[in-house]
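[1] 3D model of this:
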Amino acid sequence: KIVNQETILGGTAMGISSYPCFNSPQEIGDAEVKAGFNTILHATNHALDKGLAGIDNTLNFWHLNYPSINVLGINQTEADVNKIYVYEQDGFKIAILNYTFSTNGIPLPKKRTYAVNMLSVDRVTSDVEKAKEVADMVVVCPHWGTEYTYVPDSLQKKYTELFSKLGVDIVIGTHPHVLEPVEVVKNDS
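    Residues are numbered from 1 along each chain as shown. Got it, this is the predicted structure:
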């Protein structure tokens, strides 16, 4: 079960905050696990709202309290970036990839430019190619789109074409805060 965790879980020690730079209590993570979620998507436009400290607090929370939970989209080490998460059920392997289109103008930290999985043609292409080598199905979960807009924007259309060209099987998008259409895209190649 996959959930998009829109805000960072830096915890009360960092001070809970709301718009425009969010920080949420770690009890939200406890509730997600209790609800049955085992894959947490953290590549969002709010991933850097509390800088590297927020990312590190979030990752430490997951690693210390729920080491079996799969946390995607934010990274503590450069080695983490190159890992392709694969879920296996009854011998069938599903690779799940997570990226965001933006960090709301907050630049990636120079000492850890890999801290957040950013949506880029080169990165997606490389990851999907690696994922196809180790999995039977590839699922991409991009954090993208225009908030409160019910139709895909130009960036979503651009990446949908790329995902189709690369042979991605399923795309589950997040971010707009409203439902957008479900579409089946067929690739003849």
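[2] break down the chain into its strands, ranges please.
    Remark: strands assigned in the chain by DSSP state E are 2-4, 39-41, 70-72, 85-89, 92-100, 137-143, 170-171.
[3] contacts for the third one?
    This points to strand 70-72. Outside of strand 70-72, the residues within contact range by Cβ atoms under 8 Å, 6 or more residues apart in numbering are 38-43, 58-59, 62-63, 85, 87, 96-98, 117, 141. For the C-beta atoms, the positions are set from N, CA and C on the backbone; glycine is no exception.
[4] equivalent analysis for the fifth one, please.
    Strand 92-100 has contacts (Cβ under 8 Å, 6+ apart) with 2, 39, 41-45, 47, 70, 72-73, 84-88, 116-120, 123-124, 127-128, 131-132, 134-144, 175.
[5] now do that strand: distance to the chain's middle.
    Chain-centre distance of strand 92-100: 9 Å, with Cα atoms, centre = their mean, to the nearest Å.
[6] what do you get for the third one?
    Average the C-alpha atoms of strand 70-72, do the same for its chain, and the two points are 8 Å apart (Cα atoms, centre = their mean).
[7] sorry, back to before: would you mind giving the strands of the chain as TSV with mean pLDDT, mean neighbour count and distance to Glu27 added?
    Converted to TSV, the strands of the chain look like this (pLDDT from 0 to 100; neighbours: other Cβ atoms under 10 Å; distance: least, Cβ to Cβ, whole Å):
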stretch	mean pLDDT	mean neighbour count	distance to Glu27
strand 2-4	98	17	15
strand 39-41	98	23	14
strand 70-72	98	20	17
strand 85-89	97	13	25
strand 92-100	98	21	23
strand 137-143	98	23	23
strand 170-171	97	16	31
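[8] report the buried residues of the lowest-mean-pLDDT helix or strand in the chain.
    Here the helix or strand of the chain ranked lowest by mean pLDDT, DSSP states H and E is helix 78-81, holding a mean of 93. Buried residues in helix 78-81, counting neighbours by 16 or more other Cβ atoms under 10 Å, are found at Val81.
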